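In: pasted the sequence and its predicted model underneath.
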Amino acid sequence: MLTYLADLLTPIWGPARLLSSFVILATVGSLVSALATLFLLPKLWDRLPRDRGRAHAVGAADSVGKPVGVGLIMILILLAVVALFSPIDPHIYFAMGAVLLASGVGFIDDRTGGLSELTLGLTDLLVALFVCVVLLWGQDTRLWLPFAPMVFDIPFWLGLLIYTPVVWLCINAVNCNDGVDGVSGSLSAVTIAALGFILYMVVGDAGNAKYLLIPFREDAANWAIVAAIFCGVIVGYLWHNAPPSAALMGDAGSRPIGLFVGICIVVSGNPAMIFFVAPLMLFNGATGLAKVALIRVFGLRILSSIRFPFHDHARKNLNWSNSQVLLRFLLIHLASLWFLVIILLKVR
(Lines give C-alpha, C1' and ligand atoms only; values in the text may rest on other atoms or scores of the structure.)
Protein backbone atom coordinates (compact mmCIF):
# COMPACT_ATOMS: atom_id res chain seq x y z
CA MET A 1 0.00 0.00 0.00
CA LEU A 2 2.78 2.46 0.89
CA THR A 3 4.47 1.92 -2.48
CA TYR A 4 1.19 2.86 -4.17
CA LEU A 5 1.01 6.02 -2.04
CA ALA A 6 4.61 6.81 -2.95
CA ASP A 7 3.73 6.78 -6.65
CA LEU A 8 0.83 9.16 -5.98
CA LEU A 9 2.59 11.57 -3.62
CA THR A 10 6.14 11.80 -5.02
CA PRO A 11 5.21 14.25 -7.82
CA ILE A 12 3.64 16.49 -5.16
CA TRP A 13 6.06 15.97 -2.26
CA GLY A 14 9.56 14.70 -3.05
CA PRO A 15 10.38 12.97 0.27
CA ALA A 16 7.44 10.62 -0.31
CA ARG A 17 9.76 8.67 -2.61
CA LEU A 18 11.23 7.10 0.55
CA LEU A 19 8.02 5.08 0.79
CA SER A 20 9.15 3.17 -2.30
CA SER A 21 12.60 2.35 -0.89
CA PHE A 22 12.85 -1.37 -0.17
CA VAL A 23 15.38 -0.77 2.61
CA ILE A 24 13.05 1.73 4.31
CA LEU A 25 10.03 -0.54 3.89
CA ALA A 26 11.89 -3.56 5.30
CA THR A 27 13.38 -1.63 8.22
CA VAL A 28 10.26 0.24 9.30
CA GLY A 29 8.03 -2.77 8.56
CA SER A 30 10.09 -5.04 10.79
CA LEU A 31 10.07 -2.45 13.57
CA VAL A 32 6.30 -1.96 13.36
CA SER A 33 5.63 -5.71 13.34
CA ALA A 34 7.97 -6.27 16.31
CA LEU A 35 6.36 -3.54 18.41
CA ALA A 36 2.83 -4.59 17.46
CA THR A 37 3.55 -8.19 18.44
CA LEU A 38 5.33 -7.15 21.63
CA PHE A 39 2.43 -5.06 22.92
CA LEU A 40 -0.59 -6.87 21.49
CA LEU A 41 0.21 -10.44 22.53
CA PRO A 42 -0.24 -9.89 26.30
CA LYS A 43 -3.53 -8.10 25.68
CA LEU A 44 -4.95 -10.97 23.62
CA TRP A 45 -3.47 -14.24 24.82
CA ASP A 46 -5.92 -14.65 27.73
CA ARG A 47 -8.52 -15.52 25.08
CA LEU A 48 -6.45 -18.46 23.87
CA PRO A 49 -6.46 -22.11 25.01
CA ARG A 50 -4.01 -23.36 27.63
CA ASP A 51 -1.25 -25.86 27.03
CA ARG A 52 -2.00 -29.41 28.19
CA GLY A 53 1.54 -30.75 27.92
CA ARG A 54 2.93 -33.20 25.36
CA ALA A 55 3.37 -36.91 25.76
CA HIS A 56 6.98 -38.15 25.90
CA ALA A 57 8.42 -34.62 25.70
CA VAL A 58 11.13 -33.66 28.18
CA GLY A 59 9.99 -30.84 30.47
CA ALA A 60 6.48 -30.77 29.01
CA ALA A 61 4.98 -30.22 32.46
CA ASP A 62 6.66 -26.80 32.66
CA SER A 63 4.44 -25.51 29.84
CA VAL A 64 1.12 -26.74 31.20
CA GLY A 65 -1.33 -23.90 31.78
CA LYS A 66 0.45 -21.33 29.61
CA PRO A 67 -1.44 -19.66 26.73
CA VAL A 68 -0.82 -21.65 23.56
CA GLY A 69 -1.62 -20.84 19.96
CA VAL A 70 -0.39 -17.23 20.08
CA GLY A 71 1.05 -17.98 16.65
CA LEU A 72 -2.38 -17.18 15.21
CA ILE A 73 -2.17 -13.64 16.61
CA MET A 74 1.37 -13.35 15.25
CA ILE A 75 0.22 -14.29 11.76
CA LEU A 76 -2.70 -11.86 11.83
CA ILE A 77 -0.26 -9.09 12.78
CA LEU A 78 2.05 -10.26 9.99
CA LEU A 79 -0.72 -10.06 7.39
CA ALA A 80 -1.73 -6.56 8.47
CA VAL A 81 1.83 -5.21 8.32
CA VAL A 82 2.58 -6.99 5.03
CA ALA A 83 -0.53 -5.44 3.48
CA LEU A 84 0.76 -2.02 4.54
CA PHE A 85 4.46 -2.27 3.70
CA SER A 86 4.90 -4.84 0.92
CA PRO A 87 4.65 -3.91 -2.77
CA ILE A 88 1.35 -4.83 -4.40
CA ASP A 89 1.92 -8.41 -5.57
CA PRO A 90 -0.82 -11.06 -5.99
CA HIS A 91 1.75 -13.82 -5.41
CA ILE A 92 2.44 -12.44 -1.94
CA TYR A 93 -1.26 -12.14 -1.11
CA PHE A 94 -2.08 -15.70 -2.17
CA ALA A 95 0.95 -17.08 -0.33
CA MET A 96 0.03 -15.13 2.81
CA GLY A 97 -3.42 -16.72 2.57
CA ALA A 98 -1.70 -20.12 2.68
CA VAL A 99 0.35 -18.97 5.69
CA LEU A 100 -2.88 -18.02 7.46
CA LEU A 101 -4.39 -21.40 6.57
CA ALA A 102 -1.36 -23.21 8.00
CA SER A 103 -1.69 -21.15 11.18
CA GLY A 104 -5.41 -21.92 11.40
CA VAL A 105 -4.81 -25.66 11.10
CA GLY A 106 -2.08 -25.40 13.72
CA PHE A 107 -4.41 -23.47 16.03
CA ILE A 108 -7.06 -26.19 15.72
CA ASP A 109 -4.36 -28.70 16.64
CA ASP A 110 -3.35 -26.59 19.66
CA ARG A 111 -6.94 -26.09 20.78
CA THR A 112 -8.20 -29.66 20.40
CA GLY A 113 -5.12 -31.30 21.84
CA GLY A 114 -3.87 -32.89 18.65
CA LEU A 115 -5.08 -33.71 15.14
CA SER A 116 -4.04 -37.04 13.65
CA GLU A 117 -0.62 -37.32 12.00
CA LEU A 118 -2.32 -38.23 8.72
CA THR A 119 -4.56 -35.15 8.80
CA LEU A 120 -1.66 -32.82 9.55
CA GLY A 121 0.62 -34.47 7.00
CA LEU A 122 -1.93 -34.29 4.17
CA THR A 123 -2.85 -30.71 5.06
CA ASP A 124 0.81 -29.71 5.01
CA LEU A 125 1.22 -31.41 1.63
CA LEU A 126 -1.77 -29.61 0.11
CA VAL A 127 -0.63 -26.24 1.47
CA ALA A 128 2.89 -26.88 0.16
CA LEU A 129 1.53 -27.79 -3.27
CA PHE A 130 -0.66 -24.67 -3.33
CA VAL A 131 2.17 -22.25 -2.56
CA CYS A 132 4.40 -23.93 -5.15
CA VAL A 133 1.68 -23.49 -7.78
CA VAL A 134 1.30 -19.83 -6.79
CA LEU A 135 5.04 -19.14 -6.90
CA LEU A 136 5.90 -21.10 -10.05
CA TRP A 137 2.85 -20.51 -12.26
CA GLY A 138 3.70 -18.15 -15.11
CA GLN A 139 7.31 -17.79 -13.98
CA ASP A 140 10.51 -18.84 -15.71
CA THR A 141 11.31 -21.84 -13.53
CA ARG A 142 15.07 -21.59 -13.41
CA LEU A 143 16.91 -23.79 -10.96
CA TRP A 144 20.46 -23.55 -9.67
CA LEU A 145 22.34 -26.00 -7.49
CA PRO A 146 25.27 -25.79 -5.06
CA PHE A 147 28.82 -25.97 -6.43
CA ALA A 148 27.71 -25.91 -10.08
CA PRO A 149 27.73 -22.88 -12.41
CA MET A 150 24.89 -24.20 -14.58
CA VAL A 151 21.35 -22.88 -14.49
CA PHE A 152 18.60 -25.32 -15.45
CA ASP A 153 15.33 -24.32 -17.11
CA ILE A 154 12.79 -26.85 -15.85
CA PRO A 155 9.11 -27.28 -16.75
CA PHE A 156 6.38 -26.22 -14.35
CA TRP A 157 5.38 -29.77 -13.41
CA LEU A 158 8.96 -30.72 -12.55
CA GLY A 159 9.25 -27.62 -10.38
CA LEU A 160 6.19 -28.78 -8.45
CA LEU A 161 7.67 -32.25 -7.97
CA ILE A 162 10.95 -30.81 -6.69
CA TYR A 163 9.75 -27.98 -4.47
CA THR A 164 6.57 -29.40 -2.90
CA PRO A 165 8.45 -31.99 -0.77
CA VAL A 166 10.98 -29.31 0.19
CA VAL A 167 8.24 -26.98 1.47
CA TRP A 168 6.59 -29.90 3.30
CA LEU A 169 9.93 -30.71 4.94
CA CYS A 170 10.36 -27.09 6.03
CA ILE A 171 6.93 -27.01 7.68
CA ASN A 172 7.54 -30.15 9.68
CA ALA A 173 11.20 -29.54 10.51
CA VAL A 174 10.43 -26.13 12.04
CA ASN A 175 7.45 -27.61 13.87
CA CYS A 176 9.65 -30.30 15.43
CA ASN A 177 12.07 -27.62 16.67
CA ASP A 178 9.36 -26.12 18.87
CA GLY A 179 9.76 -27.53 22.37
CA VAL A 180 12.25 -25.40 24.29
CA ASP A 181 11.50 -21.79 25.17
CA GLY A 182 12.99 -19.48 22.56
CA VAL A 183 14.72 -22.12 20.42
CA SER A 184 12.37 -22.48 17.46
CA GLY A 185 11.71 -18.75 17.25
CA SER A 186 15.38 -17.75 17.51
CA LEU A 187 16.62 -20.27 14.95
CA SER A 188 13.75 -19.44 12.59
CA ALA A 189 14.37 -15.69 12.83
CA VAL A 190 18.04 -16.16 11.93
CA THR A 191 17.15 -18.44 9.01
CA ILE A 192 14.48 -16.08 7.65
CA ALA A 193 16.85 -13.11 8.02
CA ALA A 194 19.51 -14.99 6.04
CA LEU A 195 16.99 -15.91 3.35
CA GLY A 196 15.79 -12.31 3.17
CA PHE A 197 19.38 -11.13 2.71
CA ILE A 198 19.94 -13.66 -0.08
CA LEU A 199 16.69 -12.72 -1.82
CA TYR A 200 17.44 -8.99 -1.68
CA MET A 201 21.21 -8.89 -2.25
CA VAL A 202 21.67 -11.87 -4.56
CA VAL A 203 18.61 -13.35 -6.25
CA GLY A 204 16.79 -10.01 -6.44
CA ASP A 205 19.81 -7.97 -7.59
CA ALA A 206 20.53 -8.38 -11.31
CA GLY A 207 24.19 -7.37 -11.04
CA ASN A 208 25.05 -9.59 -8.08
CA ALA A 209 23.07 -12.50 -9.50
CA LYS A 210 24.95 -12.29 -12.80
CA TYR A 211 28.31 -12.08 -11.03
CA LEU A 212 27.52 -15.10 -8.82
CA LEU A 213 26.07 -17.13 -11.74
CA ILE A 214 22.66 -17.28 -10.08
CA PRO A 215 19.35 -16.73 -11.94
CA PHE A 216 17.85 -13.31 -11.26
CA ARG A 217 14.23 -13.15 -10.09
CA GLU A 218 12.62 -9.73 -10.23
CA ASP A 219 10.12 -10.23 -7.41
CA ALA A 220 12.67 -11.68 -4.96
CA ALA A 221 13.23 -8.29 -3.34
CA ASN A 222 9.50 -8.08 -2.58
CA TRP A 223 9.83 -11.26 -0.56
CA ALA A 224 12.82 -9.82 1.29
CA ILE A 225 10.50 -7.15 2.70
CA VAL A 226 8.05 -9.82 3.85
CA ALA A 227 10.95 -11.74 5.42
CA ALA A 228 12.00 -8.64 7.38
CA ILE A 229 8.44 -8.13 8.62
CA PHE A 230 8.19 -11.80 9.63
CA CYS A 231 11.47 -11.49 11.56
CA GLY A 232 9.99 -8.53 13.40
CA VAL A 233 6.94 -10.56 14.40
CA ILE A 234 9.11 -13.40 15.69
CA VAL A 235 11.35 -11.01 17.65
CA GLY A 236 8.28 -9.46 19.30
CA TYR A 237 7.11 -12.94 20.27
CA LEU A 238 10.53 -13.94 21.60
CA TRP A 239 10.32 -11.13 24.15
CA HIS A 240 7.56 -13.16 25.82
CA ASN A 241 8.96 -16.60 24.96
CA ALA A 242 12.40 -16.14 26.51
CA PRO A 243 12.99 -18.70 29.29
CA PRO A 244 10.88 -18.97 31.36
CA SER A 245 8.22 -18.26 28.75
CA ALA A 246 4.92 -16.51 29.38
CA ALA A 247 3.20 -17.86 26.24
CA LEU A 248 3.70 -20.41 23.47
CA MET A 249 3.15 -19.97 19.74
CA GLY A 250 2.30 -23.66 19.32
CA ASP A 251 1.61 -25.22 15.94
CA ALA A 252 -0.27 -22.03 15.06
CA GLY A 253 3.12 -20.34 14.87
CA SER A 254 5.64 -23.03 14.01
CA ARG A 255 3.79 -24.38 10.96
CA PRO A 256 3.36 -21.03 9.16
CA ILE A 257 6.96 -20.11 10.01
CA GLY A 258 8.14 -23.35 8.41
CA LEU A 259 5.89 -22.68 5.43
CA PHE A 260 7.40 -19.24 4.96
CA VAL A 261 10.92 -20.67 5.10
CA GLY A 262 9.83 -23.02 2.31
CA ILE A 263 8.34 -20.12 0.33
CA CYS A 264 11.65 -18.24 0.48
CA ILE A 265 13.50 -21.33 -0.72
CA VAL A 266 11.18 -21.68 -3.72
CA VAL A 267 11.71 -18.02 -4.60
CA SER A 268 15.49 -18.47 -4.26
CA GLY A 269 15.45 -21.05 -7.05
CA ASN A 270 17.63 -23.52 -5.15
CA PRO A 271 15.83 -26.46 -3.49
CA ALA A 272 19.03 -27.41 -1.63
CA MET A 273 19.11 -24.00 0.09
CA ILE A 274 17.44 -25.46 3.19
CA PHE A 275 20.58 -27.48 3.98
CA PHE A 276 22.67 -24.29 4.00
CA VAL A 277 20.41 -21.88 5.89
CA ALA A 278 18.95 -24.30 8.44
CA PRO A 279 21.34 -27.23 9.04
CA LEU A 280 20.81 -27.33 12.80
CA MET A 281 17.04 -27.06 12.43
CA LEU A 282 17.09 -30.04 10.08
CA PHE A 283 19.28 -32.06 12.44
CA ASN A 284 17.22 -31.16 15.48
CA GLY A 285 13.80 -31.68 13.91
CA ALA A 286 13.90 -33.50 10.58
CA THR A 287 16.19 -36.29 11.78
CA GLY A 288 13.43 -37.42 14.11
CA LEU A 289 11.02 -37.51 11.17
CA ALA A 290 13.49 -39.65 9.23
CA LYS A 291 13.90 -42.03 12.20
CA VAL A 292 10.15 -42.53 12.51
CA ALA A 293 9.74 -43.02 8.74
CA LEU A 294 12.50 -45.64 8.59
CA ILE A 295 11.02 -47.56 11.52
CA ARG A 296 7.46 -47.53 10.18
CA VAL A 297 8.27 -48.24 6.53
CA PHE A 298 11.34 -50.48 6.69
CA GLY A 299 11.53 -51.50 10.36
CA LEU A 300 15.03 -50.00 10.39
CA ARG A 301 16.26 -48.40 13.61
CA ILE A 302 19.07 -45.84 13.44
CA LEU A 303 20.57 -43.54 16.09
CA SER A 304 18.55 -45.43 18.69
CA SER A 305 20.65 -44.04 21.54
CA ILE A 306 19.83 -40.42 20.65
CA ARG A 307 16.54 -38.70 21.42
CA PHE A 308 14.93 -36.53 18.77
CA PRO A 309 14.18 -33.70 18.63
CA PHE A 310 17.80 -33.35 19.70
CA HIS A 311 16.93 -30.60 22.17
CA ASP A 312 15.23 -33.31 24.26
CA HIS A 313 18.44 -35.36 24.17
CA ALA A 314 20.45 -32.29 25.22
CA ARG A 315 18.19 -31.68 28.22
CA LYS A 316 17.69 -35.30 29.31
CA ASN A 317 21.00 -36.95 28.46
CA LEU A 318 23.45 -34.03 28.45
CA ASN A 319 21.78 -32.25 31.38
CA TRP A 320 21.63 -28.90 29.60
CA SER A 321 19.27 -26.31 31.01
CA ASN A 322 16.74 -24.62 28.73
CA SER A 323 18.92 -21.50 28.64
CA GLN A 324 21.98 -23.56 27.69
CA VAL A 325 20.06 -25.29 24.91
CA LEU A 326 18.87 -21.95 23.57
CA LEU A 327 22.23 -20.19 23.62
CA ARG A 328 24.32 -23.13 22.39
CA PHE A 329 21.89 -24.01 19.61
CA LEU A 330 21.80 -20.36 18.53
CA LEU A 331 25.61 -20.11 18.47
CA ILE A 332 25.94 -23.32 16.44
CA HIS A 333 23.19 -22.18 14.08
CA LEU A 334 24.79 -18.77 13.47
CA ALA A 335 28.27 -20.19 12.91
CA SER A 336 27.19 -23.00 10.60
CA LEU A 337 24.79 -20.82 8.60
CA TRP A 338 27.39 -18.10 8.06
CA PHE A 339 30.02 -20.59 6.89
CA LEU A 340 27.70 -22.62 4.66
CA VAL A 341 26.00 -19.64 2.98
CA ILE A 342 29.36 -18.14 2.02
CA ILE A 343 30.39 -21.47 0.50
CA LEU A 344 27.04 -21.78 -1.28
CA LEU A 345 27.32 -18.36 -2.92
CA LYS A 346 31.04 -18.24 -3.68
CA VAL A 347 31.86 -21.82 -4.71
CA ARG A 348 30.12 -21.91 -8.06
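Out: Received, thanks. These figures come from a predicted structure and were not determined experimentally.
In: in the biggest helix by length in the chain, what's buried?
Out: What stands out as the longest helix in the chain, according to DSSP state H, is helix 322-346. Neighbour counts over helix 322-346 (16 or more other Cβ atoms under 10 Å) mark 322, 325-327, 329-330, 333, 336-337, 340-341, 344-345 as buried. C-beta here means a position set from N, CA and C on the backbone, and glycine is covered the same way.
In: secondary structure class for residue 305?
Out: What DSSP: H, G, I helix; E, B strand; the rest coil gives for residue 305 is coil.
In: count of residues packed around it?
Out: Neighbourhood size, residue 305 [other Cβ atoms under 10 Å]: 6.
In: please apply the same query to the one 10 residues further on.
Out: Applying other Cβ under 10 Å, we find 20 other residues in the vicinity of residue 315.
In: quick check: which ranges of the stretch 151-300 of the chain have low pLDDT?
Out: 299-300 (pLDDT under 70).
In: 80 instead?
Out: Confidence mapping of the stretch 151-300 of the chain against pLDDT under 80 gives the ranges 290-300.
In: what segments of it are helices?
Out: Using DSSP state H, counting those that start in this stretch, the helices of the stretch 151-300 of the chain run over 156-177, 183-198, 206-211, 220-241, 251-268, 274-277, 279-281, 287-298.
In: and the first one, what does it pack onto?
Out: In this case it means helix 156-177. Applying 3 or more Cβ pairs under 8 Å, 6 or more residues apart in numbering; DSSP states H and E, one finds that helix 156-177 contacts helix 117-136, helix 183-198, helix 251-268, helix 274-277, helix 279-281, helix 287-298.
In: among the ones you listed, which comes closest to residue 109?
Out: Among the helices and strands packed on helix 156-177, helix 251-268 comes nearest to residue 109, with 4.6 Å by Cβ to Cβ.
In: got the angle between that closest one and helix 183-198?
Out: Interaxial angle of helix 251-268 relative to helix 183-198 (axes from the mean of the first three to the mean of the last three Cα atoms, to 10 degrees): 20 degrees.
In: now do helix 251-268: distance to the chain's middle.
Out: The chain centre lies 4 Å from the centre of helix 251-268; the measure is Cα atoms, centre = their mean, to the nearest Å.
In: so what does it touch, helix or strand wise?
Out: helix 71-85, helix 90-112, helix 117-136, helix 156-177, helix 183-198, helix 220-241, helix 274-277.
In: could those go into a markdown table alongside mean neighbour count and distance to residue 254?
Out: Below are the helices and strands packed on helix 251-268 laid out as a markdown table (neighbours: other Cβ atoms under 10 Å; distance: least, Cβ to Cβ, whole Å):
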| stretch | mean neighbour count | distance to residue 254 |
| --- | --- | --- |
| helix 71-85 | 22 | 7 |
| helix 90-112 | 20 | 7 |
| helix 117-136 | 18 | 12 |
| helix 156-177 | 21 | 4 |
| helix 183-198 | 24 | 6 |
| helix 220-241 | 25 | 11 |
| helix 274-277 | 22 | 16 |
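In: will you turn the ones you listed into CSV that also has distance to residue 259?
Out: Formatted as CSV, these follow (distance: least, Cβ to Cβ, whole Å):
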stretch, distance to residue 259
helix 71-85, 10
helix 90-112, 5
helix 117-136, 6
helix 156-177, 5
helix 183-198, 11
helix 220-241, 11
helix 274-277, 13
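In: residue 210 is nearest to which of these?
Out: Distance to residue 210, taken as Cβ to Cβ, is lowest for helix 220-241 among those, at 13.8 Å.
In: quick check, residue 249 in contact with residue 70.
Out: Yes: with contact defined as Cβ atoms under 8 Å, residue 249 reaches residue 70; the gap is 5.3 Å.
In: what about the two, which has more around it?
Out: residue 249 (34 against 28).
In: what angle separates the longest helix of the chain from helix 220-241?
Out: 170 degrees.
In: residue 51: neighbour count?
Out: 21.
In: got a pLDDT number for it?
Out: You'll see residue 51 listed with a pLDDT of 80.
In: low-confidence bits of the stretch 1-150 of the chain, can you list those?
Out: Within the stretch 1-150 of the chain, the segments meeting pLDDT under 80 span 1-11, 13-19, 52-65, 113-114.
In: columns distance to residue 37 on top of the helices and strands packed on helix 156-177, output as CSV?
Out: Output for the helices and strands packed on helix 156-177, formatted as CSV (distance: least, Cβ to Cβ, whole Å):
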stretch, distance to residue 37
helix 117-136, 23
helix 183-198, 11
helix 251-268, 11
helix 274-277, 23
helix 279-281, 21
helix 287-298, 29
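In: between those helices, which one is nearest to residue 175?
Out: Short answer: helix 251-268, nearest of the helices and strands packed on helix 156-177 by Cβ to Cβ, at 4.4 Å.
In: buried stuff in that closest one?
Out: Buried residues in helix 251-268 (16+ other Cβ under 10 Å): 251-268.
In: look at the residue nearest to residue 2 when sequence neighbours are not counted and say how many residues are nearby.
Out: The spatially closest residue to residue 2, leaving aside those adjacent along the chain, is residue 19, at 4.5 Å (Cβ to Cβ, 6 or more residues apart in numbering). For residue 19, the count of nearby residues is 20 (other Cβ under 10 Å).
In: thanks a lot, see you next time.
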